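> quick one: sequence plus predicted model below, questions after.
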Amino acid sequence: VTASWDFGVLKELALVEQKIRESLVSEEPLLTDIATYVIAAGGKRIRPTVTLLSFKALSGKDIRQAVDLAAALELIHSATLIHDDINDGGDMRRGRPAAYKKFGLQNALVTGDFLFVKAFGIGGKFDPDIVEITANACAALAEGEIRQKRHAFDTSVTKDEYVDIIRRKTALPIMAGAKIAGLLAGARLEDVDAVGDYGLHLGIAFQIVDDILDIIGDGARLGKPSGTDVKEGNVTLPVIHALNNGNQIDKAELARILQKPVKESG
Ligand code: IPE
Ligand code: IPE
Ligand code: MG
Ligand code: MG
């Protein structure tokens, strides 16, 4: 794994990796190959880390269930990345050509679906409330993506609308991992809510940072191209800030760059 920090869950993260690897086995080797290509490329493993930390913070005892859930969440995340690159036209991911670039659009699409199903194979074994939280997080993610597309090239998008989008597409799934960890730890409801809030706020901050890095970050270090958001008309917080607070020249230039392309599909 490429997680380069140690928050005290490295041992558990190794178990998550093992669980993920086991779940990628398929009678169709191409599916395993594509899935492994994406997952073995690394990634920061933020979602499993938040889940495991929340579990430990609430004195959870048997880590195995938290490990399984963390693996499921990372599988869901990897599935969304494969699909997201198709949607965004992102050509690099985790330092490698995006899956759809390397294996073709159809194979990449199906591999994303494969990962979602594998995640639910793991997550579906849990109590109905946990399954529901996970399913709602996936639905929120889809809603966030749809709202983002609806607002594409919309230079009047407000900060509140932006936060609503990133809350759904990024923060609620991270919050879900934290809350599930709390439930698995057998914590009191108020403590489950507290780690949920932690996940929610971390998720929002995380996406804001990602959106800033899309403007000022170095693609080689990020492992994915920067500049994708503006190109796709995804009006993110730094752009909203510039549109509202920049000087006239900057505002006009931004509005020009964010003009809807004439041939816009969808
Ligand atoms: C990418 O997620 C999508 C966002 C929510 C910004 P990550 O930045 O967690 O991607 P990996 O897993 O580390 O590659
Ligand atoms: C993350 O947003 C979307 C998902 C939650 C899948 P981005 O589109 O900003 O993610 P990157 O920058 O391509 O990783
Ligand atoms: Mg993207
Ligand atoms: Mg981004």
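Yep, it's here. Ligands and ions are numbered 1, 2, ... in the order given.

> next up, the contacts around the closest residue to residue 127 other than its chain neighbours.
Spatial nearest neighbour of residue 127, excluding adjacent residues (C-beta to C-beta, 6 or more residues apart in numbering): residue 183 at 7.6 Å. Using the backbone N, CA and C atoms, a C-beta is placed for each residue, glycine as well. Residue 183 makes contact with 127, 129, 130, 133, 192, according to C-beta atoms under 8 Å, 6 or more residues apart in numbering.

> any idea how far residue 183 is from ligand 4?
30 Å (C-beta to the ion, to the nearest Å).

> element containing that residue?
Per DSSP states H and E: residue 183 is located in helix 172-184.

> ok now that helix, how far from the chain's centre?
14 Å (C-alpha atoms, centre = their mean, to the nearest Å).

> the lengthiest helix in the chain near ligand 3 anywhere?
Ordering each helix of the chain by length in residues (DSSP state H) puts helix 189-216 first. No. If you take C-beta under 5 Å from the ion as the test, helix 189-216 misses ligand 3, and the best it gets is 8.4 Å.

> can you name the element that comes right after that helix?
Next element after helix 189-216 (DSSP H and E): helix 219-222.

> then that next one to PDB, C-alphas only?
Output of helix 219-222 as PDB, limited to C-alpha atoms (Å, rounded to 0.1, in the frame of the first residue of the first chain):
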ATOM      1  CA  GLY A 219      -0.100  15.900 -11.800                       C
ATOM      2  CA  ALA A 220       3.000  13.700 -11.400                       C
ATOM      3  CA  ARG A 221       2.700  13.800  -7.700                       C
ATOM      4  CA  LEU A 222      -1.100  13.500  -7.600                       C
END
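
> can you list the neighbours in contact with that helix?
92, 213, 225, 226.

> put the buried members of those residues into a ChimeraX selection.
Of the contacts of helix 219-222, the buried ones go into a single ChimeraX selection, burial set by 16 or more other C-beta atoms under 10 Å:
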select :92,213,225,226
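
> can I get the contacts of helix 219-222 in CSV with secondary structure, distance to ligand 4 and pLDDT?
Putting the contacts of helix 219-222 into CSV (DSSP: H, G, I helix; E, B strand; the rest coil; distance: C-beta to the ion, whole Å; pLDDT from 0 to 100) gives the following:
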residue, secondary structure, distance to ligand 4, pLDDT
92, strand, 12, 97
213, helix, 7, 97
225, coil, 10, 95
226, coil, 9, 95
